[in-house]
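Peer 1: Turn this into a structure:
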Amino acid sequence: MSCSAIDCFIFVPAYNVEKTLAEVLSKIDLSVLSRAHVLVIDDGSRDGTAQAFERFLSSFEQCDERADYALENARDLSSHFGYLKFEQNSGYGAVVKKGIAEGLASGATFIACLHGDGQYPAEKLREFFDEMENCNLDLLQGSRHAVAGEAKRGGMPLHKRLGGAFLTALENLVFRTKLSDRHSGFIVYSSRFLKTVDLNRLSPSFDIDLELISIADARHFAIAELPIPTRYAGEKSNLNVVTYGLRVLRQIWRRLKEKTNN
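Peer 2: The predicted structure is shown next:
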């Protein structure tokens, strides 16, 4: 990345992720961290997520190998991490809206969503930020289906592979930009695009990611995807696939109506 100022913001949705959070945060490249703020947003976790974050921060500050990282105008990188907790579980959509709002308030040029459960590759953030900057993009989504067979090799359950393929095929019929995986939560946005969005009107649920893609598509912002590895390790999902599927169909219907009216 060519920019020298802190112009990247990474928010981390976290709900009962005490077992995975530290590993996710540790995989953020130091060259990214040096120009980013990372905010963990705890959606009312009932386990030791907060304690896991504190342990990570303590070990990060004490890690000797990080002392070898040469950085012009050296900063205390541990100060680039923050933690915010909702008193009650408010849902994925509320977390995303809060993360975007905080990112915009920070003045960052790029705002990324990195889930705390380990399903998405924190180590790919540098590649994604570089692609956003070099290609002047407004939304860049990680695709688990861009490489044939990757989703299956990564352990994605069959019903999710089939359901995702069906919904993506429908979406590609009505969306301007064709993508291979519209249901990945690994997304980087430009603040240029997000400033045009009324966050209060967005979905409170898991379909908020697709809703943002739909808005960007309708307004002709630049959208692209890059391949990412698929990682499923038997973790418990908080997503109800039937409810999610119905919400996605509603998003497709709305987009189709918009196209028809135009």
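
Peer 1: Going by C-alpha atoms from here, please, whenever you check contacts or count neighbours.
Peer 2: Fine.

Peer 1: what about T49, neighbour count?
Peer 2: 23 (other Cα atoms under 10 Å).

Peer 1: now swap in D76 and tell me
Peer 2: 8.

Peer 1: Going along the chain, name the strands of this protein.
Peer 2: Using DSSP state E, the strands of the chain run over 8-14, 36-42, 81-85, 110-113, 139-143, 187-190, 223-227.

Peer 1: can I get those strands in TSV with mean pLDDT?
Peer 2: Below are the strands of the chain laid out as TSV (pLDDT from 0 to 100):
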stretch	mean pLDDT
strand 8-14	98
strand 36-42	97
strand 81-85	97
strand 110-113	98
strand 139-143	97
strand 187-190	98
strand 223-227	98
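
Peer 1: Make a markdown table from those strands and add distance to I215 and mean neighbour count to it.
Peer 2: As requested, those are exported to a markdown table (distance: least, Cα to Cα, whole Å; neighbours: other Cα atoms under 10 Å):
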| stretch | distance to I215 | mean neighbour count |
| --- | --- | --- |
| strand 8-14 | 20 | 26 |
| strand 36-42 | 24 | 23 |
| strand 81-85 | 27 | 16 |
| strand 110-113 | 16 | 26 |
| strand 139-143 | 11 | 25 |
| strand 187-190 | 12 | 24 |
| strand 223-227 | 11 | 19 |
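
Peer 1: Make JSON lines from the ones you listed and add distance to V197 to it.
Peer 2: Shown next, in JSON lines, are the strands of the chain (distance: least, Cα to Cα, whole Å):
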{"stretch": "strand 8-14", "distance to V197": "17"}
{"stretch": "strand 36-42", "distance to V197": "21"}
{"stretch": "strand 81-85", "distance to V197": "23"}
{"stretch": "strand 110-113", "distance to V197": "14"}
{"stretch": "strand 139-143", "distance to V197": "13"}
{"stretch": "strand 187-190", "distance to V197": "12"}
{"stretch": "strand 223-227", "distance to V197": "16"}
